[in-house]
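S.K.: Provide a 3D model corresponding to the input given below.
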Amino acid sequence: QLQLVESGGGLVHPGGSLRLSCAASGPTLDATAIGWFRQAPGNQRRGIGCINLKGDWTYLADSVLGRFTISRDKNTVYLEMNSLKSEDTAMYYCLIAECFSDYVLPLSDSWGQGTQVTVSS
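M.R.: Have a look, this model is predicted:
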């Protein structure tokens, strides 16, 4: 089963940027769409973005649209985060997914460890 590993999180000031990476442990990522999800303390995990298999179409939730972008190469999916806000503070996860025009559907329950993003002054 495809195992995904997230990295790139950290502490950043409001308005700052981070780039998260999602890499596969074992098989490559180029056979599936990948979704990004986040979970803030006390909240449910929510899908915020998705990139299709070819990498030529993405979905981004309204809360991050215009600030976040998703891209991919053969082995890694990236979440570029700009103009970060305190409300972006969360644990971020990637997972195989199905992309729709208005949401992202996780296709597995094998969540990784995630990577923590903290936006604070």
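
S.K.: could you dump stretch 86-93 to PDB, C-alpha only?
M.R.: Extracted in PDB, the C-alpha atoms of stretch 86-93 (Å, rounded to 0.1, in the frame of the first residue of the first chain):
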ATOM      1  CA  SER A  86      -3.000  32.400  12.000                       C
ATOM      2  CA  GLU A  87      -6.000  30.400  10.900                       C
ATOM      3  CA  ASP A  88      -3.700  28.300   8.700                       C
ATOM      4  CA  THR A  89      -2.200  26.800  11.800                       C
ATOM      5  CA  ALA A  90      -2.800  23.100  11.600                       C
ATOM      6  CA  MET A  91      -1.400  19.700  11.100                       C
ATOM      7  CA  TYR A  92      -1.200  19.100   7.300                       C
ATOM      8  CA  TYR A  93      -1.600  15.700   5.700                       C
END
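
S.K.: Pull the distance from it to the chain's centre.
M.R.: Once both centres are worked out by C-alpha atoms, centre = their mean, to the nearest Å, stretch 86-93 turns out to sit 10 Å from its chain's centre.

S.K.: How about stretch 7-26?
M.R.: The mean C-alpha position of stretch 7-26 is separated from the chain mean by 9 Å, C-alpha atoms, centre = their mean.

S.K.: Okay, residue 51 and residue 34: tell me how far apart.
M.R.: 6 Å (C-beta to C-beta, to the nearest Å). C-beta: built from backbone N, CA, C; applies to glycine.

S.K.: Sorry, wrong one. I was asking about residue 118.
M.R.: From residue 118 to residue 34 the distance is 23 Å (C-beta to C-beta).

S.K.: of those two, who's got more company?
M.R.: Using other C-beta atoms under 10 Å, the more surrounded residue of residue 118 and residue 34 is residue 34, with 28 against 15.

S.K.: Sounds good, over and out.
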